[in-house]
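**Student:** model this:
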Amino acid sequence: MSEKNFPGPIQIPLATAEVWEKRYEDDTTIETRENKVKSFLIPRESLEKVLALDTDAVRAYLGINDQKERTLLFVGAQYDKETGKYVDVYGKSSSEQNKAEAAEDIVYDGIRPSPPY
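**Tutor:** Next comes the predicted model:
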C-alpha cells in the first residue's frame, strides 16, 4: 500500500467509533517493542474537518479499527458554562447517498499508526 494515499474514509459514523473505542478499552494485548505504536500519521483533511466545527477544543479518542490498527478518533468539544465541562460536538455526514446517512453523527478518522506508516 502506498504511503501517499491514506486508506479508508475520514468520516466515521459515531456508532462505529463507539465500537472502536470499546475494542480499545477491552484490549489486553501486551505491547512489545515490535508492536508498540509510537506515533500517528494524521491526514490534513481530518484536522481541517474537526477544526471547522463550531467548537472550543478537539478531543482525540483512542480506538482499534476493523483492520486491528490503533487509531485516533477526532471529536469537537464545546465548553458548557452551566456544567463547567466540555461536551462532544459531532460532525454531520456529507454523504449524498441518502438523507438518513446525511443526518448521522460522525467523528473524523483516517489516522494510521506508525509504524508501519
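**Student:** Can you give me the end-to-end span of stretch 74-90?
**Tutor:** Stretch 74-90 has an end-to-end distance of 9 Å (CA to CA, to the nearest Å).
**Student:** Need the contact partners of that stretch.
**Tutor:** For stretch 74-90, contacts defined as CB atoms under 8 Å, 6 or more residues apart in numbering pick out 14, 17, 46-47, 49-50, 53-61, 91, 105-109. Backbone N, C-alpha and C define where each C-beta goes, glycine included.
**Student:** List the buried residues for that stretch?
**Tutor:** Neighbour-count burial for stretch 74-90 flags 74-77, 86, 89-90 (criterion: 16 or more other CB atoms under 10 Å).
**Student:** quick one: Y79 from Y90, how far?
**Tutor:** 16 Å (CB to CB, to the nearest Å).
**Student:** cool, and E34?
**Tutor:** Distance from E34 to Y90, by CB to CB: 36 Å.
**Student:** And E82, by the same measure?
**Tutor:** Counting by CB to CB, the gap from E82 to Y90 is 20 Å.
**Student:** Which parts of the protein are strands?
**Tutor:** Listed in chain order, the strands of the chain (DSSP state E) span 11-13, 39-41, 57-64, 70-80, 85-89, 91-92, 105-108, 112-114.
**Student:** Which of these sits closest to E25?
**Tutor:** Proximity to E25 (CB to CB) singles out strand 57-64 among the strands of the chain, at 8.6 Å.
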